[in-house]
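Participant: need the 3D shape of this:
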Amino acid sequence: MRIGELAALAGVSTRTVRHYHHLGLLPEPERRANGYREYGLRDAVLLSRVRRLTELGLGLDEVRDVLAEDAGRDLHEVLAELDEDLARQEADIRERRARLGALLRRAEEHGGLPAEGPVSEELADVFGRMARASAARPGPEPAMARQERELMAMFESMGAATAGVSTLLGSALGDPGAMDRAYEVYALLDELAEADVDDPRVATAAQALCDSLPDEVAAELAAGAHKALAAEESRPGAAAGARALMEAFYAHFAPAQAAAVRQAIRLFTERAR
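Facilitator: So this is what the prediction gives:
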């Protein structure tokens, strides 16, 4: 048989046959005088077996183990391992589908998912309240409000040291009148987008931002910041990562906005002492 005939018999492509030769799964046959490979029934049997094993889900390295006489693994062992792996994948898929189902139900209940991506129910509720507050105000939504949602979603997804940040901010926005105050702060910060860092409005925005947070939230954020910093610095190389994160956080804002946020953090840290 020629290579094309062998490939057609086994239901694979000639490229696949050549690839199996390259990997050593299929031995090179003898060649005719004209240089063409000459395949026999044994080659067809072996190629068909390789195909059946790959269709079961075995990787080519595992197929090689099964085929090699000195591999130390028989077919039953390999298939049992494959079955365990598929069971793990099946459980993972079920869990992922459950999460997706919850997201889809939430989307139906709230008229869609937030643009910032899948978030927890608590944060989705905060984002929903922000959307309603924005719709009730004249003009377009402040850009800073959108940035706030992006940061809250990021903090929630990071977990660990930042695990409670989005929850705290969400609870702060749940107090009566808090959402209106928050949107006033967003508007003040938007005004700083093109301002210099020494603009007097920086201090005004910083104070407004500090005042918009209830005392207990400011205290918890301050305590959380110190705790996170201590945890990061206790791990080798983590302090540099924490600094990089904070640098990226401030780079998210325009220079005057970042200055206002820095001042606000100092203010509510002092207030919490």
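Participant: around D196, count how many other residues there are.
Facilitator: Using other CB atoms under 10 Å, D196 has 11 neighbouring residues. To be clear about C-beta, it is placed using only N, CA and C from the backbone, and glycine gets the same treatment.
Participant: ok, the closest residue to E28 other than its chain neighbours to L67 distance?
Facilitator: Distances taken as CB to CB, 6 or more residues apart in numbering put H21 closest to E28, at 5.7 Å, once the chain neighbours are dropped. From H21 across to L67, the span is 14 Å (CB to CB, to the nearest Å).
Participant: what are the ranges of the helices in the stretch 101-250 of the chain?
Facilitator: Taking DSSP state H, counting those that start in this stretch as the test, the helices found in the stretch 101-250 of the chain are 121-136, 143-158, 165-172, 178-190, 201-211, 215-233, 238-251.
Participant: send over the helix or strand that the last one is followed by as CSV, restricted to the C-alpha atoms.
Facilitator: Going down the chain from helix 238-251, the next helix or strand is helix 255-272, by DSSP states H and E. Output in CSV follows, covering the C-alpha atoms of helix 255-272 (Å, rounded to 0.1, in the frame of the first residue of the first chain):
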residue,chain,number,x,y,z
PRO,A,255,-2.4,63.2,38.0
ALA,A,256,-4.7,65.7,39.8
GLN,A,257,-7.3,62.9,40.5
ALA,A,258,-4.6,60.6,41.8
ALA,A,259,-3.4,63.5,44.1
ALA,A,260,-7.0,63.9,45.4
VAL,A,261,-7.3,60.1,46.1
ARG,A,262,-3.9,60.1,47.9
GLN,A,263,-5.0,63.0,50.1
ALA,A,264,-8.4,61.4,50.8
ILE,A,265,-6.6,58.1,51.9
ARG,A,266,-4.4,60.2,54.3
LEU,A,267,-7.5,62.0,55.6
PHE,A,268,-9.6,58.9,56.4
THR,A,269,-6.5,57.1,57.8
GLU,A,270,-5.9,60.0,60.2
ARG,A,271,-9.7,60.1,61.0
ALA,A,272,-9.6,56.4,61.9
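Participant: for helix 255-272, buried residues please.
Facilitator: Within helix 255-272, the residues scored as buried using 16 or more other CB atoms under 10 Å are 255-265, 267-269, 272.
Participant: tell me, how many residues neighbour A178?
Facilitator: Counted with other CB under 10 Å, the neighbours of A178 add up to 18.
Participant: actually A7, not the one I wrote
Facilitator: Counted with other CB under 10 Å, A7 comes out at 20.
Participant: what mean pLDDT does the host helix or strand of A98 have?
Facilitator: According to DSSP H and E, A98 maps onto helix 75-110. For helix 75-110, the mean per-residue pLDDT is 78.
Participant: which strands and helices sit next to that helix?
Facilitator: helix 60-67, helix 121-136 (3 or more CB pairs under 8 Å, 6 or more residues apart in numbering; DSSP states H and E).
Participant: now do the contacts for F253.
Facilitator: Q147, L189, V261 (CB atoms under 8 Å, 6 or more residues apart in numbering).
Participant: re the thing from before, which among the buried residues of helix 255-272 gets closest to A10?
Facilitator: A258 (64.3 Å; CB to CB).
Participant: how about the closest one, what does it touch?
Facilitator: Y250, A251.
Participant: repeat that for A7.
Facilitator: S13, T14, T16, V17.
Participant: same thing but 6 Å
Facilitator: S13, T14, V17 (CB atoms under 6 Å, 6 or more residues apart in numbering).
Participant: follow-up on the earlier one: among the helices of the stretch 101-250 of the chain, which gets the worst mean confidence?
Facilitator: Among those, helix 215-233 scores lowest, with a mean of 58.
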